[in-house]
Structures are given as structure tokens and as C-alpha cells.
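Colleague: Build me a model:
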Amino acid sequence: IRSKVSFKLSYYNEYKSYLSMNDDYYSLLNVSRSSSEDDIRASFKKLCMQYHPDKHSIDNRDSAETIFRRLRKAHDVLTDPQMRAIYDLYGSEGIESGWHVALYDMDRNTILEKYERMMRQKEEQERERATNPCSETVVKLDARGLITSDHFYSLLDVINIPVNEFAITQSVDAPLTANHKLTLVCSALNREGNGLGKFTVTDFHRLSPRSNLSYSFGFGDGLSGGFHGTFSLTQYLFAAFRTNASLYDDGNLAYDGAVTLGCMPNSFTSLKVEFGDRIIKGVVETSYKKWQMYTSYQLGYDNHIVALHIARPISINDTDDGRIECSFKYNLAEGFELEYGASKQLTDYSKAGAIVRIGMVSGVKLKLMLSRGNHVYRFDIKFSDVLDPVAIVYGTCVPVFVYSALHWLVVKPYLNRFKEEERQRKADEMAEQLQKAKEEARDAIRLMKSNYERILDAENLRGGLIIEQAWYGVFGPSSKLIDVTIPLQCLVLSSKLVLPPAESKSNMVGFYDVAIGEDKQLSVRYKFRNCKHETTINDSDPLRIPKQSHRLN
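Modeller: Numbering: from 1, shown residues only. So this is what the prediction gives:
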């Protein structure tokens with residue numbers, strides 16, 4: 001009896017699983033997964049009589065030795081309880097990786113000691129690769145002089161756009177244990193010729209899978225510190241808090257904080273209350289299926305703000321990895337403000353987006369964003385201080401034009417070329433594996449000839465089971481089939497043929513996967529007691545012949 005350790009090995013990707021030919025040791029030995037060690041040894045002994053190198057001539061000895069090594073490896077794994085347990089859990093990759101499985105015949109302390117040692121090794125590996133570097137770069141451009149109602153900018157004007165602000169932030173994690181880490185954050189800011197830097201250290205503790213607590217301390221333009229925590233109240237209810245305080249070089253003290261209460265049944269809903277210097281802000285956020293919406297209310301000493309934000313995923317260029325969002329805000333001091341924009345997942349690790357902000361006082365602004373993994377680049381462009389229709393048109397059309405140009409001229413050709421190279425690489429690997437498997441199957445059938453003739457003569461004398469024709473592969477208009485008559489006849493014992501259920505019959509001796517990744521079948525036409533029979537089964541189904549139901553009228 002075997003028990004599974006709480007680790008999971010990484011599995012091959014989809015096409016790699018198709019390439020793992022001859023890895024099904026059970027099919028190779030023609031036994032079921034529930035077979036006993038005696039059954040496995042008996043099947044191995046029978047196959048050895050056919051494929052042992054000493055039983056073949058010098059010309060065929062190399063081919064026989066290749067097949068015999070595969071059979072020997074399958075036998076050694078399946079007759080060893082420890083190795084068989086690993087193979088059943090993780091496949092051949094687990095065997096090659098040297099993993100171990102605890103058996104119930106071990107005492108409790110031994111199992112616990114092995115488990116803890118493996119946990120310590122896993123934690124150490126996680127700490128080594130969990131530095132998680134992140135960065136954010138922000139560039140603010142002043143393009144107010146480029147766009148007016150009677151002037152359109154030239155290429156030279158674009159080159160000479162002034163940069164008002166440049167900021168960069170870099171963070172890296174320093175794991176101490178699996179539940180404890182330090183995060184180091186360094187930021188630098190240059191605003192109109194004035195520089196500013198800041199360094200912050202955050203101490204993060206994971207209290208439970210759904211609860212954590214952290215505190216931070218920073219210096220640069222004064223001192224700052226804060227606390228942050230998230231706690232799970234019930235299965236669906238959580239609470240979070242945040243508080244920060246800063247003491248600047250000029251002696252001013254600023255503070256802010258937030259308290260959040262949320263639930264996560266089939267949707268995500270949270271209520272957040274923020275407080276700061278003479279303001280109180282409430283935020284209600286709701287997410288359900290594809291929709292996300294939040295409303296915020298801010299009550300201040302001299303200003304009140306009401307805001308509504310809505311976002312939803314959309315399909316862009318026939319892919320469901322786009323997102324549109326729109327927000328409306330009313331500020332008692334500055335009037336109405338409208339934001340709208342979209343974002344698109346370019347690759348698995350890259351994302352681009354743009355947001356246009358139109359305000360009665362803030363004017364027209366454009367935010368361009370590009371992220372690559374954990375690195376974010378943002379460009380804030382100010383077009384106008386007032387509600388200028390020309391600036392609105394440019395702020396809306398420029399991102400669409402730039403994205404379309406980049407998509408059709410750069411991104412799409414690159415992705416198509418990458419996909420084609422990846423497809424060709426996979427095809428080459430598959431073709432190489434397929435050719436190798438085809439040659440091994442052909443060599444195996446050549447080695448079966450003498451045994452095939454002996455079994456066929458014996459079955460003819462007793463009027464037993466004769467495999468007249470057997471095909472394996474894909475049936476239909478574009479059929480891909482191989483003849484497996486000889487391999488099946490060689491498996492006949494006392495006028496019976498039994499094939500246990502398996503993931504694929506392509507791993508049997510004399511077979512190979514003629515159509516990688518496609519659904520295959522096995523069709524057998526046979527004669528038993530001079531009566532014709534025929535049957536067709538799916539690739540993973542068991543086969544037991546002869547049967548009365550297979551008989552042809």
C-alpha cells in the first residue's frame with residue numbers, strides 16, 4: 001500500500017506528452033495496472049522468450065537488445081514496490097527525477113522525518129528563486145504646446161516635447177522563511193530639475209494561507225512608516241487595514257489609512273473606508289463574472305468627491321484578452337471628470353493599455369502603459385489645460401493608431417513568426433520521434449517472424465484463434481493506419497488474446513503512434529473455429545477475443 005507525498009512534479013506540456021512514446025510500462029508488458037507482481041513477471045518472461053538477444057542472429061541482435069532493454073526497465077520498475085508507486089503517481093519523469101514515496105510499512109517517525117526533510121529542501125529552493133524583482137518607470141510629458149485649434153504638430157515638435165517628471169521604482173524580495181520575507185524598495189524622482197530619493201523596507205509575515213501582516217519603514221525626504229494586514233474572518237469574509245504616517249523634512253506630519261471589509265462567494269464585494277488629513281473616503285467595489293464596478297465617496301474638509309468606475313473584458317483581434325474601462329467623477333472643487341480607456345494582453349507576459357482623462361479643470365491627459373512581467377512603464381502626456389476638442393480627438397485617436405500600427409507591423413508578424421518557428425520545431429521533434437518509433441516497431445515485427453509462424457501453425461492445427469488482419473490508427477477519409485497483425489498474433493495464448501485497458505496501445509511492442517494527438521482505434525478481423533469475427537475498439541479500451549458477439553453472419 002502506497003501513500004502520496006504532498007508534492008506535485010511538473011508535467012510535460014501537451015505536445016511533450018504525445019512525444020513520450022514507449023513510456024507506458026504496463027502496455028509494454030501487456031498487463032493491467034492492477035496486475036500482481038507474479039503476473040508482471042510471467043508476462044516479462046514470455047516476452048523475453050521472443051526478444052532476448054541470445055535468441056536471435058547477429059544481424060538482429062542490436063534490435064533485439066534495444067527492445068529487451070525497454071522490457072527489462074519496465075519489469076524492474078513494476079516489480080519494485082517503491083519504484084512502482086512513484087511511477088503510478090508521477091510516470092517515468094518521477095523515476096528519472098529520483099523521487100521517493102513513503103510506504104506504510106515505515107514507522108511514523110521515519111515518514112515524518114522524510115517529509116520534513118523534503119519540505120525543507122522545497123522551501124530552500126523556493127527562497128532561492130523568490131526574489132521577485134519588480135520595477136515601475138513613470139515619464140510625464142508636457143504636450144500642451146503641440147495641439148491647438150489652428151495648429152497641428154510636426155515630427156520635430158514631437159521630438160522636442162519637454163519631460164516634466166521622471167520617476168523610477170525598483171523592488172526586490174528577500175525571503176527569510178516560507179512565511180517571512182523582506183521587501184526592499186528604492187525609488188528616485190526628478191521633477192523639473194529637483195531630485196528626490198526614497199528607500200523603504202517592508203517586513204511581511206504570512207500568518208495563515210489567507211491572513212498576513214506587514215510593517216514598513218522608509219527614509220528619504222523625511223521618515224515614514226506603516227502597518228498593513230489582511231485577515232480571514234470566515235470562508236468568504238475577510239478584513240484588511242492599512243495605516244501610514246510620514247514626517248517630512250520641513251516638519252509637516254501626514255497620515256492616512258484604510259479599513260476594508262469584503263466577501264468572496266460567487267462575486268467579489270468589498271467596502272473600504274479611507275482616512276487622511278481632514279478627509280474620509282468610502283469605496284464600494286463589486287466584481288461579478290466579467291463585470292467589475294466600484295463607487296467611491298470622499299468627504300473632506302473643503303471638498304467632496306463622488307466617483308463611479310466600470311470595467312469589462314472584451315474581445316480584441318479575435319482574442320478574449322482585452323479590457324475596456326470607464327469612470328465618471330464629480331469633484332465639488334474641480335467639477336466633472338471623465339476617464340475611458342482599454343488594455344490588451346499582447347503576449348503571455350506583456351500587456352499594453354491607454355487611458356484618456358478629460359476634466360473641467362485638469363484638462364485633457366493621456367496615459368500610455370506597457371507592462372512586461374513585473375516591470376511597468378507608464379507615460380503620462382498632458383495635451384491641454386482646458387476642454388479642447390482637438391486635444392480630445394488626438395488623445396483618443398493617437399493610442400488607437402499607434403496600437404494598430406504596432407500590432408500589424410511589429411507584434412503580429414513577430415507572433416506569427418514565433419508560432420511558425422515553434423510549430424516547425426515541434427513538427428521536427430515529432431517527426432524524429434515518429435521515425436524512431438517506426439523503426440523500432442519495424443525491427444520488433446522482424447524479430448517476431450519466427451515466433452509468429454510457430455504460433456500461427458499451432459493455432460491452425462487446433463482450429464484456434466487466427467488474426468487475419470489488424471489495423472491500428474485513425475480511420476476515416478484521411479486514414480492513418482499501420483498493420484499490427486503480427487504483433488497481435490504473437491500475443492495469442494491458448495487461442496485467446498487479452499489486451500488490458502491502457503492509456504494508448506501505441507506503447508505495445510510492434511506498435512507506434514501513427515497520428516500523434518489524434519483519437520485512434522484498433523480494428524481486428526480474426527477467425528476462430530473456422531468462423532469469421534470482427535471488432536473495433538477505441539485506443540484505451542480493453543480487448544478480449546474470441547467473443548460470440550464478434551461473429552459475422
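Colleague: for the stretch 401-550 of the chain, what spans make up the strands?
Modeller: Secondary structure of the stretch 401-550 of the chain (DSSP state E, counting those that start in this stretch): strands located at 465-474, 480-483, 497-499, 521-528, 531-538, 543-545.
Colleague: Report pLDDT for the residue nearest to Lys532 when sequence neighbours are not counted.
Modeller: Ranked by CB to CB, 6 or more residues apart in numbering and with sequence neighbours excluded, the top spatial neighbour of Lys532 is Leu552, at 4.7 Å. C-beta: built from backbone N, CA, C; applies to glycine. As predicted, Leu552 sits at a pLDDT of 91.
Colleague: mind listing what Lys365 touches?
Modeller: Lys365 sits next to Val356, Arg357, Asp380, Ile381, Lys382, Phe383, Gly395 when contact means CB atoms under 8 Å, 6 or more residues apart in numbering.
Colleague: Give me the neighbour count for the third one.
Modeller: Other residues within reach of Asp380 by the criterion other CB atoms under 10 Å amount to 18.
Colleague: what sits against it?
Modeller: Val138, Val139, Lys140, Leu141, Lys365, Leu366, Lys367.
Colleague: Mind putting those residues into JSON lines with pLDDT and distance to Leu488?
Modeller: Shown next, in JSON lines, are those (pLDDT from 0 to 100; distance: CB to CB, whole Å):
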{"residue": "Val138", "pLDDT": "94", "distance to Leu488": "69"}
{"residue": "Val139", "pLDDT": "94", "distance to Leu488": "70"}
{"residue": "Lys140", "pLDDT": "92", "distance to Leu488": "74"}
{"residue": "Leu141", "pLDDT": "90", "distance to Leu488": "74"}
{"residue": "Lys365", "pLDDT": "93", "distance to Leu488": "74"}
{"residue": "Leu366", "pLDDT": "92", "distance to Leu488": "70"}
{"residue": "Lys367", "pLDDT": "92", "distance to Leu488": "68"}
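Colleague: how about the residues you listed in JSON lines, adding distance to Asn303 and secondary structure?
Modeller: Shown next, in JSON lines, are the contacts of Asp380 (distance: CB to CB, whole Å; DSSP: H, G, I helix; E, B strand; the rest coil):
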{"residue": "Val138", "distance to Asn303": "25", "secondary structure": "strand"}
{"residue": "Val139", "distance to Asn303": "29", "secondary structure": "strand"}
{"residue": "Lys140", "distance to Asn303": "24", "secondary structure": "strand"}
{"residue": "Leu141", "distance to Asn303": "28", "secondary structure": "strand"}
{"residue": "Lys365", "distance to Asn303": "20", "secondary structure": "strand"}
{"residue": "Leu366", "distance to Asn303": "25", "secondary structure": "strand"}
{"residue": "Lys367", "distance to Asn303": "23", "secondary structure": "strand"}
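Colleague: ok, of those residues, which one's closest to Gly229?
Modeller: Minimum distance to Gly229 across those is 28.1 Å, recorded for Val138 (CB to CB).
Colleague: Identify each buried residue in stretch 515-532, please.
Modeller: Ala515, Ile516, Lys520, Gln521, Leu522, Ser523, Val524, Arg525, Tyr526, Lys527, Phe528 (16 or more other CB atoms under 10 Å).
Colleague: Out of these, which is nearest to Asp39?
Modeller: When the buried residues of stretch 515-532 are compared for distance to Asp39 (CB to CB), Leu522 wins out at 22.0 Å.
Colleague: Any idea what the closest one is bridged to?
Modeller: Beta-bridge pairing for Leu522 (DSSP bridges): Tyr472, Ile537.
Colleague: which parts of stretch 185-205 are buried?
Modeller: Val185, Cys186, Ser187, Leu189, Lys198, Thr200, Thr202, Phe204.
Colleague: Farthest pair within those residues?
Modeller: Leu189 and Phe204 (24.6 Å).
Colleague: show me what contacts Ile161?
Modeller: With contacts defined as CB under 8 Å, 6+ apart, Ile161 is in contact with Leu141, Asp142, Ala143, Leu146, Ile381.
Colleague: now the angle between strand 465-474 and the lengthiest helix in the chain, please.
Modeller: The helix that spans the most residues within the chain, counting by DSSP state H, is helix 412-462. Relative orientation of helix 412-462 and strand 465-474, computed by axes from the mean of the first three to the mean of the last three CA atoms, to 10 degrees: 170 degrees.
Colleague: Kindly provide the whole-number mean pLDDT of helix 412-462.
Modeller: The model assigns helix 412-462 a mean pLDDT of 87.
Colleague: and it, what other elements does it pack with?
Modeller: Judged by 3 or more CB pairs under 8 Å, 6 or more residues apart in numbering; DSSP states H and E, helix 412-462 is in contact with helix 14-19, helix 37-51, helix 58-78, strand 465-474, helix 485-489.
Colleague: Go again with 10 Å.
Modeller: Applying 3 or more CB pairs under 10 Å, 6 or more residues apart in numbering; DSSP states H and E, we find helix 412-462 packed against helix 14-19, helix 37-51, helix 58-78, strand 465-474, strand 480-483, helix 485-489, strand 521-528.
Colleague: quick one: Val390 is in a helix?
Modeller: Yes: counting by DSSP: H, G, I helix; E, B strand; the rest coil, Val390 is part of a helix.
Colleague: from what I can see it touches Ala143, true?
Modeller: No: at 11.9 Å, Val390 does not count as touching Ala143 under the criterion of CB atoms under 10 Å.
Colleague: what is in contact with those two at once?
Modeller: Residues touching both Val390 and Ala143 (CB atoms under 10 Å, 6 or more residues apart in numbering) are Val364, Phe383, Ser384.
Colleague: How about the last one: what's its closest non-neighbour residue?
Modeller: Pointing back at Ser384 there. If the residues on either side of it in the chain are set aside, Ser384 comes closest to Ala391, at 3.9 Å by CB to CB, 6+ apart.
Colleague: what's the neighbour count on that neighbour?
Modeller: Neighbourhood size, Ala391 [other CB under 10 Å]: 26.
Colleague: Same drill for Val390 and Ala143, tell me which one is more crowded.
Modeller: A count of neighbours by other CB under 10 Å puts Ala143 above the other of Val390 and Ala143, at 21 against 16.
Colleague: Mind jotting down where the helices sit in the stretch 101-250 of the chain?
Modeller: With DSSP state H, counting those that start in this stretch as the criterion, the stretch 101-250 of the chain has helices at 108-129, 155-159.
Colleague: Now restrict the contacts of Ile161 to buried residues only.
Modeller: With neighbours counted by 16+ other CB under 10 Å, the contacts of Ile161 contain buried members at Leu141, Ala143, Leu146, Ile381.
Colleague: pLDDT check: weakest of those residues?
Modeller: Leu146 (72).
Colleague: Thought Leu366 was touching it, still the case?
Modeller: No: Leu146 is beyond contact range of Leu366, at 11.9 Å (criterion: CB under 10 Å).
Colleague: how about low-confidence regions in the stretch 301-450 of the chain?
Modeller: 301-302, 316-320 (pLDDT under 70).
Colleague: at 80 what do you get?
Modeller: By pLDDT under 80, the low-scoring segments of the stretch 301-450 of the chain are 301-303, 314-321, 333, 346-349, 407, 411, 426-427, 429-430.
Colleague: do the stretch 151-300 of the chain as well
Modeller: 151-160, 178, 221, 235-236, 249, 262-292, 294, 297-300.
Colleague: Cool, thanks, signing off.
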